[in-house]
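K.L.:
okay, here's the prediction I keep looking at, along with the sequence it came from:
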Amino acid sequence: MGKPTKRKLIADKRLVTVEELHGRPHAPVMALEELLPALTSPDSGKPLRMVDGCSRLTDGENEYPISDGTPVLYPVYVTEALQNGGLELAYYQDSKQQYFLLSQIKQQGDINALSSHVHYQRHLYRMGKFLDDCRGTVLDIGCDNVAISASLFSENCQYVGLDPFYNVRSRFRIVGCGEFLPFCDDSMDNIVLNTSLDHIFDYHRALEEAHRVLKPGGHIWLSTLIWLERAALHYDAVHF
């Protein structure tokens, strides 16, 4: 055998700004009325319907608020606390409340790179190219700013974002978490975890939930953006 060919690693420094993304044709954001047939209770898994003049959703047992047009579809045992600033920093005997408290602590820091940051803009460019072949309905878990995230997808997609943060100004999205997806089985063509899986405490459950919601033959799209030299839990205040 001959000597192996030497290959030169070339850094791809192409980028795209948020303003440039906004100017491109991109995926329409689905409305609540379009999504309603696919929505389910994060507690019971039962279908949801709107009540009280479209101010709440219910599965017949549990109720979920619609705040400023945004459905809040967390499990009921944490919804009220999250709407009032979060769970109190205390010991909880209930394992589910413990779980959400641990997640809440990790989300108190600066969890996202600035949109003006060169590495973030390079990631936007690469993610847009990565998603070139994406088609159909898209559930973007950890969507952050929908105006930016929906712009990564082509007109051939129908977009819905889901994000755990309640007090974020954004275009229409679902407030919820990846571990308890409020969607029917086999309801989405694509599940996207764009720099969000590393923020989810129980990522095994999140992937199981993504697989449950995904239609047969659908796709899960995963990416991450690491800017820390030492990517280890004891050095990192915001990622799991």
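P.N.:
Perfect, thanks for sending it.

K.L.:
which strands and helices sit next to the helix or strand of the chain with the lowest mean pLDDT?
P.N.:
Among the helical and strand segments of the chain, the one scoring lowest on mean pLDDT, DSSP states H and E is helix 76-83, with a mean of 88. With contacts defined as 3 or more Cβ pairs under 8 Å, 6 or more residues apart in numbering; DSSP states H and E, the packing partners of helix 76-83 are strand 63-67, helix 95-106. Where you see a C-beta, it was placed from the backbone N, CA and C, and this is true even at glycine.

K.L.:
what pairs with residue 71 across the strands?
P.N.:
Beta-bridge partners recorded for residue 71 (DSSP bridges): residue 66.

K.L.:
relative to helix 95-106, how tilted is the least confident helix or strand of the chain?
P.N.:
Going by axes from the mean of the first three to the mean of the last three Cα atoms, to 10 degrees, helix 76-83 is angled at 30 degrees with respect to helix 95-106.

K.L.:
and helix 76-83, how far from the chain's centre?
P.N.:
Relative to its chain's centre, helix 76-83 lies at 19 Å (Cα atoms, centre = their mean, to the nearest Å).

K.L.:
got the angle for it vs strand 63-67?
P.N.:
Inter-element angle recorded for helix 76-83 and strand 63-67: 20 degrees (by the same axes, to 10 degrees).

K.L.:
buried residues, helix 76-83. List them.
P.N.:
Judged by neighbour count (16 or more other Cβ atoms under 10 Å), helix 76-83 contains these buried residues: 78, 79, 81, 82.

K.L.:
what's the most distant pair in those residues?
P.N.:
Greatest spacing in the buried residues of helix 76-83, by Cβ to Cβ: 79 and 81 (7.3 Å).

K.L.:
okay if I get the buried residues of helix 76-83 as a markdown table plus distance to residue 39?
P.N.:
Shown next, in a markdown table, are these (distance: Cβ to Cβ, whole Å):
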| residue | distance to residue 39 |
| --- | --- |
| 78 | 18 |
| 79 | 15 |
| 81 | 22 |
| 82 | 18 |
